[in-house]
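[1] let me see the structure of the following:
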Amino acid sequence: MVAPRSIPLAVRTSTRLLPLLALAAALLAFACASGPDSPRPVTLAFVGDMMLGRRVDAAMVERGSWTLPFQPLASRLSAADLTFGNLECVTARGGNPRANPAFRADPRALEGLRFSGFDVVSIANNHAPDLGPEALEEMLDHLGKAGIAFAGVDRGTVQAPVVLRAGEVRVGYLAFSYSAGGAAAANDPVRVAKIGGKPLVGAIVAARSLVEYLVVSLHLGTEFERRANATQQGIARAAIDAGADLVVGHHPHVPQEVEKYRHGFIAYSLGDFVFDHPEASVDGALLEVSLQEATPTRIVYARTRINERFQPELVSERSWEGAALQMPDGVIE
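    Residues are numbered from 1 along each chain as shown. Here you go, the predicted structure:
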């Protein structure tokens, strides 16, 4: 019988160590890429319309919880470095008693925004002026005391961005609405910022040098239409052309498409996040944009649906990352 050929000890040892050596090399490469000179990735989260009055308010009072609407997704929202939404109500006790009271919300409802990690909201929408300038000023005061920044205020000058840090990235937020209260609000000392060519472009150009990543919120579109119209497309693309990196839209009450355009992305409508008109719509979306320095590395688009307790819940999720974000211009969702 021929004795089996022996394998030298050194060769046997190297063969067993190959997987460990490969793992060690991978960990070393990761450590070098994630070292002190490489900023950590950050995530920005965005949701749609939040209306905390009417039946939403009644549900919170009945259950004794001002955080009720946000409880299912609070941990997801809080996990982001910065979280943004459109506050489509007036969180104030004062104001014109003859004005439209339907969108008045108890200021204590802002506890829900703090609980779920909101850092900044847009007040540039068609309902923020409903109770007059005194109520609008009161709402801004309540937001400030709650530690929640707000974008979309017009004080008669070029709108300055809200600038917040996500890791090492300075993120700027601007917000504009198709409606700003009409002629009755035209001379108010504080108003909602209205979409217009020069105000929009001028604010974007002025903000561009102050931040590494610039977000513009646009409140416009046709209610309950599932696709953006030509006006939305023109204004959103003009915002990107002027220097915005991301445009997020609200007002149609239903989610609309996400589009890659030049260097940026546009989410035309994120629909309703918290609202109380189930006969009209319960659909919304949560958008998450992950950045390495100021470059998008991952986009998540998660559909939400409002349950009978006026709470948004996740129903589906899609994501794009890496090379998938280098696709040609056009709709990605």
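
[2] so where's the longest strand in this protein?
    strand 295-306 (DSSP state E).

[3] secondary structure element holding Arg76?
    helix 74-79 (DSSP states H and E).

[4] direction included, what does the helix or strand following that helix pair up with?
    On the C-terminal side of helix 74-79, the nearest following helix or strand under DSSP H and E is strand 82-87. According to DSSP bridges, strand 82-87 forms sheet pairs with strand 42-50 (parallel), strand 120-122 (parallel).

[5] what element comes up after the longest one heading to the C-terminus?
    So the one you mean is strand 42-50. helix 54-63.

[6] by how many degrees do the longest strand of the chain and helix 54-63 diverge?
    80 degrees (axes from the mean of the first three to the mean of the last three CA atoms, to 10 degrees).

[7] for strand 295-306, which helices and strands make contact with it?
    Judged by 3 or more CB pairs under 8 Å, 6 or more residues apart in numbering; DSSP states H and E, strand 295-306 is in contact with strand 264-267, strand 272-274, strand 283-292, strand 312-321. Just so you know, the C-beta spots here come from the backbone N, C-alpha and C atoms, and that holds for glycine as well.

[8] hmm, back to that, give me whichever of the strands paired with strand 82-87 is most buried.
    The highest mean neighbour count among the strands paired with strand 82-87, using mean count of other CB atoms under 10 Å, belongs to strand 120-122: a mean of 27.

[9] alpha carbons of the helix or strand hosting Pro199, as PDB, please.
    Here Pro199, judged by DSSP H and E, is contained in helix 197-208. In PDB, the C-alpha atoms belonging to helix 197-208 read as follows (Å, rounded to 0.1, in the frame of the first residue of the first chain):
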ATOM      1  CA  GLY A 197     -39.800  83.000  -9.100                       C
ATOM      2  CA  LYS A 198     -37.600  85.600  -7.500                       C
ATOM      3  CA  PRO A 199     -38.300  84.700  -3.800                       C
ATOM      4  CA  LEU A 200     -37.700  81.000  -4.400                       C
ATOM      5  CA  VAL A 201     -34.600  81.300  -6.600                       C
ATOM      6  CA  GLY A 202     -33.100  84.100  -4.500                       C
ATOM      7  CA  ALA A 203     -33.400  82.200  -1.300                       C
ATOM      8  CA  ILE A 204     -31.900  79.100  -2.800                       C
ATOM      9  CA  VAL A 205     -28.900  81.000  -4.200                       C
ATOM     10  CA  ALA A 206     -28.400  82.900  -0.900                       C
ATOM     11  CA  ALA A 207     -28.500  79.600   1.100                       C
ATOM     12  CA  ARG A 208     -26.300  77.600  -1.200                       C
END
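
[10] return the distance of Ala236 relative to Asp276.
    Distance, Ala236 to Asp276, by CB to CB, to the nearest Å: 28 Å.

[11] those two: which has the busier surroundings?
    Remark: of Ala236 and Asp276, Ala236 carries more neighbours, 26 against 20, as counted by other CB atoms under 10 Å.

[12] enumerate every residue touching the nearest residue to Gly284 once chain neighbours are set aside.
    Leaving out its chain neighbours, the residue that sits closest to Gly284 by CB to CB, 6 or more residues apart in numbering is Gly271, at 3.8 Å. Applying CB atoms under 8 Å, 6 or more residues apart in numbering, one finds that Gly271 lies in contact with 48-49, 252-256, 281, 283-285, 304.

[13] repeat that with 7 Å
    Gly271 is in contact with 48, 253-255, 281, 283-285, counting by CB atoms under 7 Å, 6 or more residues apart in numbering.

[14] mind giving me the PyMOL select for those residues, buried ones only?
    Only the buried entries of those go into this PyMOL selection, using 16 or more other CB atoms under 10 Å:
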select buried, resi 48+253+254+255+281+283+284+285
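
[15] return the item of the contacts of Gly271 having minimum pLDDT.
    In this model, the minimum pLDDT among the contacts of Gly271 belongs to Ser281 (95).

[16] ok, now which ones touch that one?
    Per CB under 7 Å, 6+ apart, neighbours of Ser281: 224, 253-254, 271-272.

[17] can you give me phi and psi for it?
    phi -170, psi 140 (degrees, to the nearest 10).

[18] how near is it to Asn86?
    Ser281 is 14 Å from Asn86, by CB to CB.

[19] for Gly117, same thing?
    16 Å.

[20] give me the helix or strand of this protein that scores worst on average pLDDT.
    Sorting the helices and strands of the chain by mean pLDDT, DSSP states H and E puts helix 9-33 at the bottom, at a mean of 40.

[21] touching, Lys47 and Gly85? I think so.
    Residue 47: Val, not Lys. Yes - Val47 lies in contact with Gly85 (CB atoms under 7 Å); the separation is 4.3 Å.

[22] now the common contact residues for those two.
    Residues touching both Val47 and Gly85 by CB under 7 Å, 6+ apart: Phe273.

[23] on that earlier part again, with distance to Ala151 added, can I get the contacts of Ser281 in TSV?
    Listed next are the contacts of Ser281 as TSV, based on distance: CB to CB, whole Å:
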residue	distance to Ala151
Phe224	25
His253	21
Val254	23
Gly271	19
Asp272	20
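
[24] thanks again, I'm all set now.
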